[in-house]
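> okay, here's the prediction I keep looking at, along with the sequence it came from:
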Amino acid sequence: MYKRFIILAYLLFFVPLIFIVNFLFDIITLEKIQGLPVFLPIVFCSFGLFFASKAYQIQKSALTISAVIANLVLFLFPFIYMIGGTAIFGV
């Protein structure tokens, strides 16, 4: 059960991360989902945090702590991105 939670937590971390990297560097043009990659982490990483915290409750290891930290940082990315864009560019 522990390994399933960790796999889900990291999967729910990497999927929005791939979309964000694509959004920032425009590797593949996705015109239909213009701003969605920025807000995907709010949904995906909240579930990732849940699974990572459950895995941490089962077994405390460096892998579970890094899953919690990774999902937390990516969960906060949209808020930091919006606040930073407003503060720096004034848009």
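Now that the structure is in, tell me what you want to look at.
> residues contacting the residue nearest the centre of the chain?
In the chain, the centroid-proximal residue (CA atoms, centre = their mean) is residue 74; its distance is 3.5 Å. By CB atoms under 8 Å, 6 or more residues apart in numbering, the residues touching residue 74 are 13, 16, 17, 20, 41, 45, 48. Heads up, the C-betas are built off the backbone N, CA and C, glycines and all.
> now residue 36, nearest residue through space, not along the chain?
Nearest non-adjacent residue to residue 36, counting by CB to CB, 6 or more residues apart in numbering: residue 19, 7.6 Å away.
> what helix or strand is that neighbour located in?
Assessed by DSSP states H and E, residue 19 sits inside helix 2-25.
> extract the C-alpha set from that helix and format it as CSV.
Extracted C-alpha coordinates of helix 2-25, given in CSV (Å, rounded to 0.1, in the frame of the first residue of the first chain):
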residue,chain,number,x,y,z
TYR,A,2,2.9,2.3,0.8
LYS,A,3,4.4,2.0,-2.6
ARG,A,4,1.1,2.7,-4.4
PHE,A,5,0.7,5.9,-2.4
ILE,A,6,4.2,7.0,-3.3
ILE,A,7,3.8,6.2,-7.0
LEU,A,8,0.5,8.1,-7.1
ALA,A,9,2.0,11.0,-5.2
TYR,A,10,4.9,11.3,-7.7
LEU,A,11,2.7,10.7,-10.7
LEU,A,12,0.4,13.5,-9.5
PHE,A,13,3.5,15.7,-9.2
PHE,A,14,5.1,15.0,-12.6
VAL,A,15,1.9,15.4,-14.8
PRO,A,16,1.4,19.0,-13.9
LEU,A,17,5.1,19.6,-13.9
ILE,A,18,5.3,18.5,-17.5
PHE,A,19,2.5,20.8,-18.5
ILE,A,20,4.1,23.8,-16.6
VAL,A,21,7.5,23.2,-18.3
ASN,A,22,5.7,23.0,-21.7
PHE,A,23,3.8,26.2,-20.8
LEU,A,24,6.9,28.1,-19.9
PHE,A,25,9.1,27.0,-22.7
